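# Quick check, what structure comes out for this input:
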Amino acid sequence: MENHIAYEKVRNRECDFIVEYRFFSPEEGGRKTGNPIQGYRSDFMYSDDENLKKLWMIWPEFLDHENNIILDKSIRVPTSGKAKMWVINEANHELHKSRIKMGLKGFFMEGPHKVAECEVIRIVNLSLK
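Have a look, this model is predicted:
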């Protein structure tokens, strides 16, 4: 079994925000290959940016039903649940700080394809201090 190393350890900080997500079914235009495993690096799109098709490197880190990071990379993540979100480019922190709000809707993206919808339920490292 290959284990996922928590981004908190790798990046030496807390996540930026937490979302509730739901992967779309193949019939809804979602992934044809099933749910991904932990370590999946989708892009993020704000729902307001749908017309612009503007994508951001904000990666999900999936949590289990007890809000623990899923470490087993041999299992697929749940179809819906919670994920910690990580802004990868630190230079964009201020920009995202002004945009990420409670209840904000967004999408996990694979190229131009929306594969999951999500909603911000907690702001962690991006809270305005």
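# quick one: Lys54 from Cys118, how far?
16 Å (C-beta to C-beta, to the nearest Å). To be clear about C-beta, it is placed using only N, CA and C from the backbone, and glycine gets the same treatment.
# actually Asn67, not the one I wrote
Taken as C-beta to C-beta, the span from Asn67 to Cys118 is 16 Å.
# Neighbour count: these two, which is higher?
Higher neighbour count among Asn67 and Cys118: Cys118, with 24 against 10, using other C-beta atoms under 10 Å.
# got a list of what the more buried one touches?
Val19, Glu20, Tyr21, Arg22, Pro60, Ala83, Lys105, Gly106, Phe107, Phe108 (C-beta atoms under 8 Å, 6 or more residues apart in numbering).
# at 7 Å instead, please
Residues near Cys118 by C-beta atoms under 7 Å, 6 or more residues apart in numbering: Val19, Glu20, Tyr21, Gly106, Phe107, Phe108.
# ok, which stretches of this protein are helices?
All helices of the chain, identified by DSSP state H, fall at 7-11, 93-99.
# which of the contacts of Cys118 lies closest to Asn125?
Nearest to Asn125 among the contacts of Cys118 is Val19, at 13.8 Å by C-beta to C-beta.
# The closest one - how many residues pack around it?
Each residue near Val19 was counted by other C-beta under 10 Å, and the total is 25.
# With adjacent residues omitted, what lies nearest to it?
Nearest-residue entry for Val19: Cys118, 3.9 Å, with adjacent residues in sequence omitted and distances by C-beta to C-beta, 6 or more residues apart in numbering.
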